[in-house]
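Student: Let me see the structure of the following:
(chains A and B)
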Amino acid sequence: MNPFHSRRDFLRRSGMGLGALLLATLSQSAAAAAPPSAPSPLAPRAPHFAPRAKRVIHFFLNGGPSHVDTFDPKPALTRYAGKPIPGDYLRTERKTGAAFPSPFAFRPRGQSGLEISDLFARTAAHADDIAVIRSMHAQVPNHEPSLMLMNCGDSVQVRPSFGAWTLYGLGSENQNLPGFVAMCPGGMPIKDSENWQSAFLPGVFQGTFVDPQHREVAQLIEHIRSPHADVPTQRRQLDLLQELNAAHQQQRGNDPRLEARIQSFELAFRMQLEASDAFDIQREPAHVRAAYGDTVHGRQTLIARRLLERGVRFVQLWHGAGQPWDHHENIEGNIRTHSNDIDGPIAALMTDLKQRGLFEDTLILWGGEFGRTPSVELSDGGKSKLGRDHNHYGFSVWIAGGGVRGGTAYGATDEFGFRAVQNRTSVHDLHATLLHLLGFDHERLTYRQAGRDFRLTDVSGEVIRDVLA
Amino acid sequence: MEGFLRLLAFIGLAAFLALPDSTQAAPPPDAHLHWAFQPPRRVQVPSQPDSTWPRTEIDAFILARLRSAHLEPAPPADPRTLLRRLSFDLTGLPPTRADVEAFNSDFEQDRPAAIHRWVDRLLASPAYGERWGRHWLDVARFSDTKGYVYGREERRFIHAPAYRDWVIQAFNSNLPYDRFLQLQIAADQLVAPDSPDLAAMGFITIGRRFLGVTHDIIDDRIDVVTRTTLGLTVTCARCHDHKYDPIPTDDYYSLYGVFHGADDLPVALGEVHDANARERLQAYHSKQAERLGEANARLRTRLADYLVAQLELQNYPEEGFEQILSDADIIPHSVRRWRDFLRQTRGTRHPIFEPWHRLSAIEPREGAGFAGQARAILEPLLSDAHFNERVRLAFQRPVTSMREVAARYGETFQAAEVDFTAAAKVNPPAVPSAAVAQLHEFLHSPDSPTTVPDTAIVNIEYYLPTPIGEELNKLRADVDRRWLEVGQPAALILRDRPSQPNPRVFRRGSPSQPAQEVTRQFLGILSGSGRRPFTQGSGRLELARAITDPANPLTARVLVNRVWQHHFGRGLVETPSDLGLRAQPPSHPELLDWLALRFIEDGWSIKSLHRRIVLSAVYQTAHRPAPESDPNHRLLSAFPGHRLEFEQVRDAMLAVSGELSLARGGKSSELLDAANRRRTVYAFVDRQFLPGVLRTFDFANPDLHVAVRHETTVPQQGLFFLNGPFAAQRARKLAISSGNHPASERIRRLHQALFQRSPTDAELATGLRFLQQAAEADARREKPPEPSPWLHGSGEYDEAARRLKSFKPLPHFTGTAWQGAESLPGGETGWAQLTATGGHPGNTRAFACIRRWTAPRNVTVSFSGTLVHEPTEGDGVRGFVISSRHGTLASASVHHGRSELTGSALQLEAGDTLDFVVDIGVGLGFDQFLWNPVVTSGSSTWDAARGFTGPANSNQPLDPWEQYAHVLLLTNEFAFVD
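Tutor: The predicted structure follows:
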């Protein structure tokens, strides 16, 4: 693949509708400018082998969603209700007591009969496209390190996020939008932007944070609108800029860095228009908006689809600021509310992607940083809090879309859902599998830093072949 | 992958893309012969009798290499270019037009003397340290904040400003580099306890806190020290021997021991004059003393439980696995401390714990099998007076399990404490028996696992039940906040611990798998045959001296290479922090060695090194594109141009508009605050919330030692300059300062201010044409609307009077929001914020958010709008619409829902206000809301979102001259040196 594509090719690739037209009519000097020779660090690139998925959407249920209430049915909990769970006592962050059966019914869904609880009844309509990995495990029962592990592959050290690695490997299909967008309603999740950091990779690979509670595009993306110059003024300014730069460049020969900077202003000009368009869901037909729902989660999921179809490589959707899925108390009520927030939007997205022919090369990842205990959490005085503590010994995530074998349940936790026992799957295994679907050998997508060739999966990770279609 | 490789090469990443490696997994046996481990060689400076080009020895080396590649050096740069280059390079700032003129006339008289004089002048400028200090802060992973911390702690470092200022001052005063390093590693052992040089230790202590996990904090410290000073990647040896360089894991843990042997200690630099700060410190100290007393009492009474815990260590996970602990719980941190103590004393015939050591080796741990072996083992000990008599007595009775052994120890210590106390109570005090005294001394020794070390809370919070750790952290945070508020200079130093046990290697880096013991000592590959363990405390000062030993083959080379890199854009070695076996060899090995040796002979003087480099002919050549045979300009046939770094561009914009503040040092300033006109090096660097603009412009990631910044060109950079307020504000100022002159004169003045040259005829014509077009467009544009009737403030709702008690404008505008402080939460209003369509009320009901509409004339209006509160969490918000004339007109409480707030037929007089007020529900939390009120009257509509503006004028459209100045600021000529 040649990243040094032609100007026309570039405009086409940049996916410009309105913006390109506007540019063509407004720009005089841009057309006369030297042919672009400077690729952006976000220019699209081919991976190691033919990918099954080209883009990723990650629903991050921050706080730690309970697997035994959603995607990992454990009837034994009912039999042991109120009694201690037999076997070794596993330490978690807080003290827990007796077995705590799920208050939610599980049912077999679709042709595959994959069991999913009523909390995700609408998403369950797509069960035959979903592969649940029920044997995930992390390292410690604490949010911060587990968030880092799930997002960046290391609990403690400063490492690039999965999205940053993806962008480093693949570039982006759209130069007029950020290649990696992280949305979180109401502010940052725990650990803030570390969750989508680029670490030692260049800053351009870092996720761009967007708070979808805002509705004005100027508040969604920094500096996307000029408060002091309208579009024709800017165009005139850029034409003058290009003219001065061309004269400057003439004295200096062909220096690609000068050229790159000249191009970057044209890209910036187009980005203003493209971004406004991408984030404006009012441009969607009413029935589409209705399907996603006029809630903040519906809106951010719909924005995500608009970004993905415009070539944004990686979108991460967080549930909300802080850690909404941290259900230490009254899990029955809280998990119902939070599931209800996203069940509809996720189902709508899957349907929508299918209708647009995007489902087969979009990778959907659903999960949190760990799961929750099958035993009930106790207060200091030893009383039940009707909630569940953190559980890193065993939990579920699911994937769907490009290259995923749907209707699959892979691996298993023990009889009670406390510890992954069968086909135990580490976060590195999960990352290796996701990178594989994106066309990468996870051992070869590396970056040399501080004397080592770093990779997302550190020194381990096996592709889980059983979830591949 | 071919295209990928070319792309990476283009954006300067090729050196970082690992190519499929050879399967090599260990350094070759002759690794010690690697050039960088050999002392720099004294070589003959090449002679070039047939060329007059070389001006210095450096040039001779350069020319020899150029000629071997059949290249000739470019002609010298013109004086304006040279002065711009020198000025940006040495001070980070552009020269003024007057500087260029003065330099020109000096230059005509005597070129070498002129350059000498101007170089001296630039090196003597305080701006020099601000530029070169920042290079050092890149490698020192400098940040004003700790990274992610739990809420109980202050997230800002108290010592960041003082460390930053110390570094800048060290460069300005030309502190010899060896001393510069020694102070940064071991100032605590080199200077008086009240010396301002203690600030230097920020180098070690300003890294990320990794949520307090010791092993990772130490790893970060080893990394920053070894890569910065030695150009070696020692931390590769944390889990296994270094794969490429001769650095065994043992060496890593030798250094681990050095850093493990010290606690972090916050200290005030100079007297604390603020009485409130002194009171807070006192409150913290006395509470900590009380809490440690209680914690120690628990550790001592529950000694038996801690011994039992040693039998089930698998239940006590390593650091990083945090449990919420009460004072009834066994504290895992103390369990580990017991574990380490017992490991260290095993096989030492410890007078108290030898029985424990011997018995704990028995399998099984209980039952008849145990009892029989125990009797045999104990028998010889019980008659040996070397061992504590009380302990021997305790084991006269047979024991049947290790649990019983633990209980027996517990009882023995308890009984001894009772006797010890009783002896002290009689009058006159009796002397306790030697055995009792020995047991008492063990329990109360500061080194004992039954004592929480009496040091700063940052080192010991995990020895305490969770609520106690939080309580003490909060008290310390109160001190920290006050120090930061009053600008108290402070340092975070290291202080060696009283005892220095040898470290153990952790197998595969895992603390739960300790292996062999190693001594604290310097790296083997750099120690030669005289390698000896460190003997003074932790050995940190000895480490600093080993690093700065003139015989060390790396330290001087690494520094001269860094300085060369910042002058020419690339180092002689292209990986400045890795001179190991995988590094590309230097482009000019003899020159590197020559520079390193001269550097040491010059007394490690960095300013002398600058002079050597910038006075050379090669530094003064004109810029030319790289020749095909040397595409990366490594041979330096001409000066390689480079783009200015973000700091240089920002500072230069302020400098050319005449706005640059010369306020130096002290508290950090918010980068994006419109009022901040200080040099960028003084901007607050928040590693947890690094402003997007810094990341966009490839600012050094403050989490990592950064030797070479990335250089990417992305549209977000363009957006910052085009649409952000910063460049536009400078343009407004420039337009004013170009004065009341004819157009061509104004253009000339602007060019001279920005580029220190006059415009060409073509530029002049282009400029005039642009101004003409802009003026025409301006005339066509609708006149700006009347000033917005909307104001944004905070105040309190008076429930009794149903009116507003107060209204105070929110002071800070971010570009998209009005808020109470530069960053949130902050100031008295906490989270208070208003955006175009919503916001967040302040932290208490005294600080409601208020959108105020003022009637522009006598008018009858209606108002409408929906107050939306989306989160399910929290308890929602309250909204009110209040007229200055009619009182409260509408109100609602909303939680996870919405409420329409409307009113109509409202008669108002000019100047009357309508206030749209939101405050918190019962408590603070999840209070963000949406509300876009609209006021209408007949055909007039005042929409709050549309009327949302920043401070008066900042958003006014740029006029033609401002547009023109704005464009000049964005040119490549402005953004590139050469």
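Student: Whichever helix or strand B:Leu484 is part of near chain A anywhere?
Tutor: Using DSSP states H and E, B:Leu484 falls within helix B:466-486. No - under the criterion of Cβ under 8 Å from any Cβ of the partner chain, chain A is not reached by helix B:466-486; the shortest gap measures 9.9 Å. From N, CA and C alone the C-beta is placed, and that goes for glycine too.
Student: So which elements touch that helix?
Tutor: strand B:262-268, helix B:275-301, helix B:457-460 (3 or more Cβ pairs under 8 Å, 6 or more residues apart in numbering or on different chains; DSSP states H and E).
Student: Can you add mean neighbour count and mean pLDDT and give the ones you listed back as a markdown table?
Tutor: Below are the helices and strands packed on helix B:466-486 laid out as a markdown table (neighbours: other Cβ atoms under 10 Å in any protein chain shown; pLDDT from 0 to 100):
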| stretch | mean neighbour count | mean pLDDT |
| --- | --- | --- |
| strand B:262-268 | 19 | 97 |
| helix B:275-301 | 16 | 97 |
| helix B:457-460 | 20 | 96 |
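Student: Now tabulate those in CSV and tack on distance to chain A.
Tutor: Formatted as CSV, those follow (distance: least, Cβ to the nearest Cβ, whole Å):
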stretch, distance to chain A
strand B:262-268, 18
helix B:275-301, 17
helix B:457-460, 17
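Student: one step back: residues contacting the next helix or strand after the helix holding B:Leu484, please?
Tutor: Once the chain leaves helix B:466-486, the next helix or strand it forms, by DSSP H and E, is strand B:490-496. Strand B:490-496 is contacted by residues B:157-159, B:162-163, B:186-189, B:198-199, B:201-202, B:204-206, B:259, B:261-269, B:455, B:483, B:537-538, B:540 when judged by Cβ atoms under 8 Å, 6 or more residues apart in numbering or on different chains.
Student: Figure out how far strand B:490-496 is from the centre of its chain.
Tutor: Computed by Cα atoms, centre = their mean, to the nearest Å, the separation of strand B:490-496 from the middle of its chain amounts to 16 Å.
Student: Partner strands of that strand and their direction?
Tutor: Paired neighbours of strand B:490-496 in the sheet (DSSP bridges): strand B:262-268 (antiparallel).
Student: Send over the strand it pairs with as PDB, restricted to the C-alpha atoms.
Tutor: C-alpha atoms of strand B:262-268 as PDB (Å, rounded to 0.1, in the frame of the first residue of the first chain):
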ATOM      1  CA  ALA B 262      15.000   5.600  51.100                       C
ATOM      2  CA  ASP B 263      11.700   7.100  52.000                       C
ATOM      3  CA  ASP B 264      10.200  10.200  50.300                       C
ATOM      4  CA  LEU B 265      10.100  13.200  52.600                       C
ATOM      5  CA  PRO B 266       8.400  16.400  51.800                       C
ATOM      6  CA  VAL B 267      10.300  19.400  53.200                       C
ATOM      7  CA  ALA B 268       9.700  23.200  53.000                       C
END
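Student: ok and that strand relative to helix B:466-486, angle-wise?
Tutor: 40 degrees (axes from the mean of the first three to the mean of the last three Cα atoms, to 10 degrees).
Student: And the contacts of strand B:262-268?
Tutor: In this structure, residues lying in contact with strand B:262-268 by Cβ under 8 Å, 6+ apart are B:158-159, B:198, B:205, B:453, B:455-456, B:458-459, B:476, B:480, B:483, B:488-497, B:538, B:540.
Student: what does the stretch 51-200 of chain A have sitting close to chain B?
Tutor: A:91-94, A:139-142, A:144-145, A:155-158, A:175-176, A:178, A:185-187, A:191-194, A:198-200.
Student: Enumerate every residue touching the residue in chain B positioned nearest to chain A.
Tutor: As assessed by Cβ to the nearest Cβ, chain A sits closest to B:Thr233 within chain B, at 2.7 Å. Residues near B:Thr233 by Cβ under 8 Å, 6+ apart: A:450-452, B:223, B:226-227, B:242, B:245, B:577-578, B:580.
Student: So which of these are in helices?
Tutor: B:Asp223 (DSSP state H).
Student: hmm, back to that, buried residues in the helix holding B:Leu484, which are they?
Tutor: Across helix B:466-486, burial judged by 16 or more other Cβ atoms under 10 Å in any protein chain shown covers B:466, B:468-480, B:482-484.
Student: quick revisit: give the buried subset of the contacts of strand B:262-268 as a ChimeraX selection command.
Tutor: ChimeraX command restricting the contacts of strand B:262-268 to the buried ones, with burial defined by 16+ other Cβ under 10 Å:
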select /B:158,159,198,205,453,455,456,458,459,476,480,483,488,489,490,491,492,493,494,495,496,497,538,540
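Student: Which residue ranges of the stretch 351-469 of chain A form helices?
Tutor: A:427-437 (DSSP state H, counting those that start in this stretch).
Student: And for chain A?
Tutor: Using DSSP H, helices in chain A cover A:7-13, A:18-26, A:29-32, A:76-79, A:143-152, A:162-170, A:217-220, A:231-250, A:256-279, A:286-292, A:296-309, A:331-355, A:427-437.
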